[in-house]
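Asks: sharing a model prediction with you, sequence too.
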Amino acid sequence: MPRPDFSEITSGEEFNRWYWLKEELVEICKQAQISYVGRKFELRDRIIFMLDNPEKSAPPVQKKKPRSRFNWAKAQLSLQTKLTDNVSFGPNFRNFMKSQIGPKFSCHSDFMDWVKSNPGKTLEEAILIWHELEDRKKNPNFKRTIAKNNMLAQYVRDFLKDNKKKTLKDALYFWNLKKQRPTETGYIVYEKADKELS
């Protein structure tokens, strides 16, 4: 059963059964003249609301404005520079971190999440946390937590864990088959039966 065209979908429940790329969601929002700003699942929720409440306007997008005006792009950073609610991970931030940590520094998602969640802490403390997060990799059993909305990464991890002799190419092949099928929840998760999709 192929995914129907959006114009054929009449309810949020039906819409939510299918996998949509973010660019598709943005285009749907544009055509419906509703806000297309936000994360993927925010756009999904907005479209579902529109389908289920055709007579109502979508709730306004609540965007929290940062209080700080600290210029992360141009400021001279030091170990005592405090993190702010408008922290930016651009070249200035990354170059400073590399000057302290070395070329091995990378701005991975766990580190960025910590930085964003800890305004008031210093860059010196952020460096210590970066090293702590890196030290976890020395544990052979460590696996980084995958965000709930990153279905592809979770699918690939689960597929490869269950199919030791398969490759990333195999995982992506079955992912592409699975995402074309409806689900009850809107989430695509790996199941042993997926190997029978081809």
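Replies: Sure, I can see it.
Asks: where in the protein is pLDDT low?
Replies: Along the chain, segments meeting pLDDT under 70 span 1, 58-64.
Asks: can you report how many residues lie near Trp18?
Replies: 19 (other CB atoms under 10 Å). For glycine as for every other residue, the C-beta is placed from the backbone atoms N, C-alpha and C.
Asks: wait, it sits on Lys178?
Replies: No: contact status for Trp18 versus Lys178: not in contact, 11.5 Å apart, counting by CB atoms under 8 Å.
Asks: quick one, what contacts Cys107?
Replies: For Cys107, the contacting residues are 89, 93-94, 97, by CB atoms under 8 Å, 6 or more residues apart in numbering.
Asks: same list, those residues, but as JSON lines with secondary structure and distance to Val37 please.
Replies: Below are these laid out as JSON lines (DSSP: H, G, I helix; E, B strand; the rest coil; distance: CB to CB, whole Å):
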{"residue": "Phe89", "secondary structure": "coil", "distance to Val37": "20"}
{"residue": "Phe93", "secondary structure": "helix", "distance to Val37": "24"}
{"residue": "Arg94", "secondary structure": "helix", "distance to Val37": "26"}
{"residue": "Met97", "secondary structure": "helix", "distance to Val37": "29"}
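Asks: which of the residues you listed are buried? Put it as a PyMOL command.
Replies: Only the buried members of the contacts of Cys107 end up in this PyMOL selection, burial being decided by 16 or more other CB atoms under 10 Å:
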select buried, resi 93+97
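Asks: quick check: the two most widely separated of the contacts of Cys107?
Replies: Based on CB to CB, the longest span within the contacts of Cys107 runs between Phe89 and Met97 and measures 9.1 Å.
Asks: where do the helices sit along this structure?
Replies: Counting by DSSP state H, the segments of the chain that form helices are 12-15, 22-32, 40-52, 91-101, 109-117, 123-135, 151-162, 168-178.
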